[in-house]
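K.L.:
I'd like to go over a predicted model; first the sequence, then the structure.
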Amino acid sequence: MLERWEPVIGLEVHVQLSTRSKIFCGCSTAFGAPANSHTCPTCLGLPGALPVFNLRVAEMAAALGLALGCEVRERSVWARKNYFYADLPKGYQISQFAEPICEHGALRFFVDGDEGEEVRVAEASIVRIHMEEDAGKSVHDGGGGHSRVDLNRAGVPLLEVVSAPDLRSPEEAAGYLKALRSIVRYLGISDGNMQEGSLRCDANVSLRPRGERALGTRAEVKNLNSFRFVAKAITHEILRQAELLEEGGVVEQETRLYDSERDETRTMRSKEEAEDYRYFPDPDLPPLHLDAALLERARARLTELPVQRAERWVAEHGLSVEDARTLSNERGVAEYFEAAVQAFDGPGAVPAKWIVGEVLRELGERNASIEALGLAPDRLAELMALVEADTISSSAGKQVFAALLGNEKRPRELVAELGLEQVSDSGALEAVVAQVIRDFPDQAATYRGGKKGILAFLMGQVMKASGGKANPKLASEALRQKLEEE
Ligand SMILES: [Zn+2]
């Protein structure tokens, strides 16, 4: 069916900003407080209460806009978006419409390959980023058959990031969202926590016959709150529309909800256009002007972005795209990798292997951040150098790694303490080899009779006799030499 139809997907992502106070009042934005405890006349929408804009929100919006290569407007305008809902006591949401703070950018992101295919990098245009206030939350399952409203979330600052319909598959949509999450965390403007609703995604999905340029009618799937659900909901919606079109049906423009338990989307409300919201400039708020000092603070948050960083590492250090993606996802890990490369003074592939393997496994087990691990990059670099120089074996390296955590000891100290130094001294190795040959005369004879495969067994005995400390390369050379000369 999908040979004939091309999916066209655009995403609208709501990013909850990590300011301490709300966008138009001084109330706290902390998550999980008792219902309605973080409220005041302004965010409750009481008559006569006036909004006062929190400039930190504009600083964060400008930082994201600059990071995504957007034009940042020095003058933007607040609009009222009018609709009625129980969790919106004012009857309108303060948002931006005709003149948003940022427009025309682009986002690069990784896309998982199909089976057997490599991870690739793709790009989507950003149409706009605007600032707005969040609404409250209706609680329907409180018992007693009543619905209740919690307005702690009303007035929490959001950025809405709107992409062009540039995405072509559920995998691309998930990749875009992951990259955006990684960037807002890099910039320190949101925790990106999807379970707590810090990142919410609406997907616009339409199909068109392959080769066609005109867009088909779209349906919007609302409130997707995990990467997995984004991909699953879009997959479902593509199949639903394809079946409908194949049967000669028509896709309705509507808003749909994704039901993760039944893995399907269903109608929430039908066609809805901008005019339904009767947008108009908010008379309580003057247009916003960004001054040079604010733009400077926004710029100070910028850093090389995760995908760009990963692409540079692929070019500079020859990392696989997969490893580069893993290492660039969190800013702390990315900076740790770069510090380890610097301290190691060798090929970047070595720190990449250790960090992707040992360090991230350890962080996953402890569910900790890299800062909490207690292993400075220069100590890891010293350990890597000991392994690379064959001073210790790689399995001894892993023991030292475990021993390094939670203390300040140097790797060299630990190698000595644990007695892990490899025996590379040829006299000592020859003595061990000679002893093994004496202890296993039958196996030695088998080798000399031409069955070279037995060498692995004898090597195992050499390693055992040396307490695992024989340098494997030198030991196997010594063993072979000894067997062949007699
Ligand atoms: Zn308030």
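P.N.:
It's in.

K.L.:
Show the pLDDT at the residue of the stretch 251-400 of the chain found nearest the ion.
P.N.:
The ion sits closest to residue 284 of the stretch 251-400 of the chain, with a gap of 14.4 Å, by Cβ to the ion. Every residue, glycine included, has its C-beta placed from N, CA and C. We have a pLDDT of 94 for residue 284.

K.L.:
That one contacts residue 53, doesn't it?
P.N.:
No - with contact defined as Cβ atoms under 8 Å, residue 284 does not reach residue 53; the gap is 10.1 Å.

K.L.:
Please enumerate residues in contact with the worst-scoring helix or strand of the chain on mean pLDDT?
P.N.:
Among the helices and strands of the chain, strand 264-270 carries the lowest confidence by mean pLDDT, DSSP states H and E, at a mean of 79. With contact meaning Cβ atoms under 8 Å, 6 or more residues apart in numbering, strand 264-270 is reached by 219, 221-222, 233, 236-237, 240, 252-259.

K.L.:
Which of the residues you listed sits closest to residue 82?
P.N.:
residue 255 (17.1 Å; Cβ to Cβ).

K.L.:
What helix or strand is that closest one located in?
P.N.:
Assigned by DSSP states H and E, residue 255 belongs to strand 254-259.

K.L.:
Kindly report the same for residue 343.
P.N.:
Here residue 343 is assigned to helix 331-344, by DSSP H and E.

K.L.:
Report all helices and strands that that helix contacts.
P.N.:
helix 306-317, helix 321-328, helix 349-354, helix 377-388 (3 or more Cβ pairs under 8 Å, 6 or more residues apart in numbering; DSSP states H and E).

K.L.:
Now that helix - C-alpha only, PDB.
P.N.:
The C-alpha trace of helix 331-344 is given here as PDB (Å, rounded to 0.1, in the frame of the first residue of the first chain):
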ATOM      1  CA  ARG A 331      26.100  17.400  26.900                       C
ATOM      2  CA  GLY A 332      27.900  16.200  30.000                       C
ATOM      3  CA  VAL A 333      29.000  12.900  28.300                       C
ATOM      4  CA  ALA A 334      30.000  14.800  25.100                       C
ATOM      5  CA  GLU A 335      32.200  17.100  27.100                       C
ATOM      6  CA  TYR A 336      33.600  14.200  29.100                       C
ATOM      7  CA  PHE A 337      34.500  12.400  25.900                       C
ATOM      8  CA  GLU A 338      36.300  15.500  24.500                       C
ATOM      9  CA  ALA A 339      38.300  15.900  27.800                       C
ATOM     10  CA  ALA A 340      39.200  12.300  27.700                       C
ATOM     11  CA  VAL A 341      40.400  12.500  24.100                       C
ATOM     12  CA  GLN A 342      42.600  15.500  25.100                       C
ATOM     13  CA  ALA A 343      44.100  13.800  28.100                       C
ATOM     14  CA  PHE A 344      44.700  10.500  26.400                       C
END
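
K.L.:
Pull out the buried residues from the longest helix belonging to the chain.
P.N.:
Secondary structure of the chain per DSSP state H: the longest helix is helix 227-246. For helix 227-246, a neighbour-count test (16 or more other Cβ atoms under 10 Å) marks 227, 229-242, 245 as buried.

K.L.:
and the angle from it to strand 264-270?
P.N.:
80 degrees (axes from the mean of the first three to the mean of the last three Cα atoms, to 10 degrees).

K.L.:
Now for residue 44, how many residues are close by?
P.N.:
17 (other Cβ atoms under 10 Å).

K.L.:
is any part of stretch 118-136 close to the ion?
P.N.:
No - against the ion, stretch 118-136 shows no contacts by Cβ under 5 Å from the ion, the least distance being 10.2 Å.

K.L.:
Just the CA atoms of that stretch, as PDB, please.
P.N.:
C-alpha atoms of stretch 118-136 as PDB (Å, rounded to 0.1, in the frame of the first residue of the first chain):
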ATOM      1  CA  GLU A 118      23.200   2.500   9.200                       C
ATOM      2  CA  VAL A 119      22.100   5.500  11.200                       C
ATOM      3  CA  ARG A 120      21.900   8.500   9.000                       C
ATOM      4  CA  VAL A 121      21.600  12.300   9.400                       C
ATOM      5  CA  ALA A 122      18.600  14.200   8.100                       C
ATOM      6  CA  GLU A 123      17.400  17.800   8.300                       C
ATOM      7  CA  ALA A 124      14.000  19.500   8.700                       C
ATOM      8  CA  SER A 125      13.100  23.200   8.400                       C
ATOM      9  CA  ILE A 126      11.800  25.000  11.400                       C
ATOM     10  CA  VAL A 127       8.900  27.300  10.500                       C
ATOM     11  CA  ARG A 128       8.600  29.200  13.800                       C
ATOM     12  CA  ILE A 129       9.200  29.200  17.500                       C
ATOM     13  CA  HIS A 130       6.800  31.100  19.700                       C
ATOM     14  CA  MET A 131       6.300  31.600  23.400                       C
ATOM     15  CA  GLU A 132       3.100  30.900  25.200                       C
ATOM     16  CA  GLU A 133       1.600  30.100  28.600                       C
ATOM     17  CA  ASP A 134       0.500  26.600  29.500                       C
ATOM     18  CA  ALA A 135      -3.100  25.800  30.500                       C
ATOM     19  CA  GLY A 136      -4.100  24.000  33.800                       C
END
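
K.L.:
Next, the buried residues of it.
P.N.:
119, 121-122, 124-136.

K.L.:
for stretch 479-486, same thing?
P.N.:
Buried residues in stretch 479-486 (16+ other Cβ under 10 Å): 479-480, 482-483.

K.L.:
Close to the ion: what parts of this protein are there?
P.N.:
25, 27, 40, 42-43.

K.L.:
Just the buried ones from the residues you listed, in ChimeraX syntax?
P.N.:
Selection command for ChimeraX covering only the buried members of the residues of the chain next to the ion, criterion 16+ other Cβ under 10 Å:
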select :25,27,42,43
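
K.L.:
thinking again about what came up before, hey, what's the angle from the least confident helix or strand of the chain to strand 254-259? Just curious.
P.N.:
140 degrees.

K.L.:
what's the angle between the longest strand along the chain and helix 321-328?
P.N.:
In the chain, taking DSSP state E as the definition, the longest strand is strand 120-133. Angle of strand 120-133 versus helix 321-328, following the same axes, to 10 degrees, is 30 degrees.
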